[in-house]
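> what would the 3D arrangement of this be:
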Amino acid sequence: MRRGTNPQPREIQLPRYYKPRWYQEEVFYAIERGMTRISLKAHRRWGKDLTMLNMLIKEMLRVIGNYYYIFPNKVDGRKILWNGKDTKTGVPYLDHFPPEIVKGKPNNTEMSLNTVNGSMFQVLGSDFSHSQDNVGTGPKGIIFSEYSKCDPLAWDYFSPALLESGGWALFNYTVRGRNHAWKQQERIKELQKKGKGKRWFLVDHTILDTGVMTPEQVEREIEEGMSENLARQEYYNDPDAATPGAKFQEQFVKLSNTTQISEVPFDDKYMVYTFCDLGMHDHMPFWFVQFMPAGKIHLIDFYINSGQGIPHYAKLLKDYSDQKGYVYGMHTAPWDIENRELGTGVSRMESAQNLGLNFNVIAKGSVEDRIEAIRSCLSRCWFDNPKCSHGVDALKGYRSEEDLKNQTLKEKIVKDWTCHPTDAFGLIPQAEQQCRQHQDTVGFQGAISIHGASSIESIRPKNSGGGYGWMGH
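Now for the predicted structure:
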């Protein structure tokens, strides 16, 4: 090349190591066709992550912006994609980015890289501590991998930012019961029957649709040790197949055949008892419960947030009292609320008491005892839908870890978004007798409606020595 001449532009071939199969093409080009929301429910071995990553690379060059690939947690993201390889070809997933388009070195700590045209790619976990930090960065595209295992609140945080940026979102998953992922696609199907939901592209592929495997091959896997329930779930998208390791699957199958997951209105003749699992940066869920006659338990409301301190939740409880008319009997928390914080030396219990919020504390118990206690009380529970839908999905998804190599279950519980709501729920059977005795002792007369803080002091259950309102007893 003579000095002073410009080098000839080099043609870059995309995809680099991937060619979409016939059944993947409609998804691979969906964004270019103007679809901004995609729900991909597909069987195992469909090629979901390989297809999605190559689609995302193509979009990064087509439209400059920030692009996120979100796994259930960061550990999965690092293992599966950032450090992972295509199991068929052995090609590392990151090698699907042509070196000519990558600017500088990838950031291994943040699991991110930049492209020469100004786009950014990052692998995230759906848990709050990771996703919330990136909400305000104006994403142009988001992929949720195994959305059925992801924390659904991550989408709630990202959705407004995508609306503002005009970006797109894709949810790929294999069925894990009738949880948030399954319900999302069913809801859009109903909208599309009414001529709505036109921005959504829906895919529902079993092995019968793609031919990747034959029923005979699946049957052979079952004969060789794979559970029939797992096969129905993984290859036929059966939402009613038992999820391996799910601790409360049997109980919720029975509940689904009743009216116990439906509208459960607040009854102003009874007090409201709350049960929470407190953390500083993790999920902090609250169940709002009314203990009814004949042993019935009404779950009338549910709230969860992350990264907030005690003042936030004290205000929440007061707001619910003012706006919804809840009059609280007791607020119950686990034993660790009494732990003192490093640096301040003040426990969260003391912080709550300084705000006028009193907690009933439950002693630490074993995981096994808590699971059995939950199983024993679920048949007596009525859950409001949709207010408690996140909590119900967490209970459904609470499960043991799988040993996929040996087709067995481990004793260890999967540590994900389902744990905190389940742990909080586990306090209910532990404290039920105490709460019912409290309610019987205090009594409660007439219909009560609280319209503001000034009226709290005027509301006194019979035989009580003080107002209950939002503070609890």
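
> what about the stretch 251-400 of the chain, any weak spots by pLDDT?
Scanning the stretch 251-400 of the chain for pLDDT under 70 picks out 279-282, 341-343.

> care to break this structure down by domain?
Segmentation of the chain into domains, based on automatic domain parsing, reads 25-207, 261-458.

> make TSV out of those domains and add distance to residue 13 and mean neighbour count.
Yep, even glycine has a C-beta here, placed from its N, CA and C like the rest. Conversion of the domains of the chain to TSV gives the following (distance: least, CB to CB, whole Å; neighbours: other CB atoms under 10 Å):
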stretch	distance to residue 13	mean neighbour count
domain 25-207	8	18
domain 261-458	35	17
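
> please name the nearest non-neighbouring residue to the residue nearest in space to the middle of the chain.
Closest residue to the average C-alpha location of the chain: residue 151 at 2.1 Å, with CA atoms, centre = their mean. Among residues not flanking residue 151 along the chain, residue 417 sits closest, at 3.5 Å (CB to CB, 6 or more residues apart in numbering).

> check residue 438 too.
The spatially closest residue to residue 438, leaving aside those adjacent along the chain, is residue 329, at 5.6 Å (CB to CB, 6+ apart).

> SS state for that neighbour?
For residue 329, the assignment made with DSSP: H, G, I helix; E, B strand; the rest coil gives strand.

> test my guess that it contacts residue 275.
No. Look at residue 329 against residue 275 with CB atoms under 8 Å: they stay out of range, at 11.5 Å.

> for residue 166, which residues are in contact?
With contact taken as CB atoms under 8 Å, 6 or more residues apart in numbering, residue 166 is in contact with 36, 140.

> oh, I was asking about residue 89
Applying CB under 8 Å, 6+ apart, the residues contacting residue 89 are residue 17.

> can you read off the pLDDT for it?
What the model reports as pLDDT for residue 89 is 92.

> then residue 112?
pLDDT, residue 112: 96.

> and it, how far is that from residue 64?
Using CB to CB, to the nearest Å, residue 112 is found at 15 Å from residue 64.

> ditto for residue 352
47 Å.

> what about the helices in the stretch 1-150 of the chain?
Counting by DSSP state H, counting those that start in this stretch, one finds helices in the stretch 1-150 of the chain at the ranges 25-28, 48-62, 74-77, 128-131.

> roughly how far out does stretch 207-225 sit from the chain middle?
Mean C-alpha position of stretch 207-225 versus that of the full chain (CA atoms, centre = their mean, to the nearest Å) differs by 30 Å.

> hmm, who's touching it?
Residues contacting stretch 207-225 (CB under 8 Å, 6+ apart): 21, 23, 42-43, 45-46, 228, 231, 235-236, 407.

> and what of stretch 25-37?
20, 38, 40, 51, 54-55, 59, 62, 141, 166-170, 188, 199-201, 203.

> I figured residue 151 was touching residue 416, is that so?
Yes. Counting by CB under 8 Å, residue 151 does reach residue 416; the two are 7.2 Å apart.

> find residues that contact each of those two.
Counting by CB under 8 Å, 6+ apart, the residues touching both residue 151 and residue 416 are 72, 127.

> the host helix or strand of residue 420 - contacts with which helices or strands?
Using DSSP states H and E, residue 420 sits within helix 419-442. Where contact means 3 or more CB pairs under 8 Å, 6 or more residues apart in numbering; DSSP states H and E, helix 419-442 is packed against strand 272-276, strand 283-291, strand 297-306, strand 328-334, strand 359-362, helix 367-377, helix 389-397.

> how close does residue 63 get to residue 40?
Using CB to CB, residue 63 is found at 20 Å from residue 40.

> could you list the buried residues of stretch 243-259?
Residues of stretch 243-259 classed as buried by neighbour count (16 or more other CB atoms under 10 Å): 243-249, 251-252, 255.

> show me how far it is from its chain's centre.
In this view, stretch 243-259 has its centroid 18 Å away from the chain centroid, taken as CA atoms, centre = their mean.

> same deal with stretch 284-293?
Stretch 284-293 sits 20 Å away from the centroid of its parent chain (CA atoms, centre = their mean).
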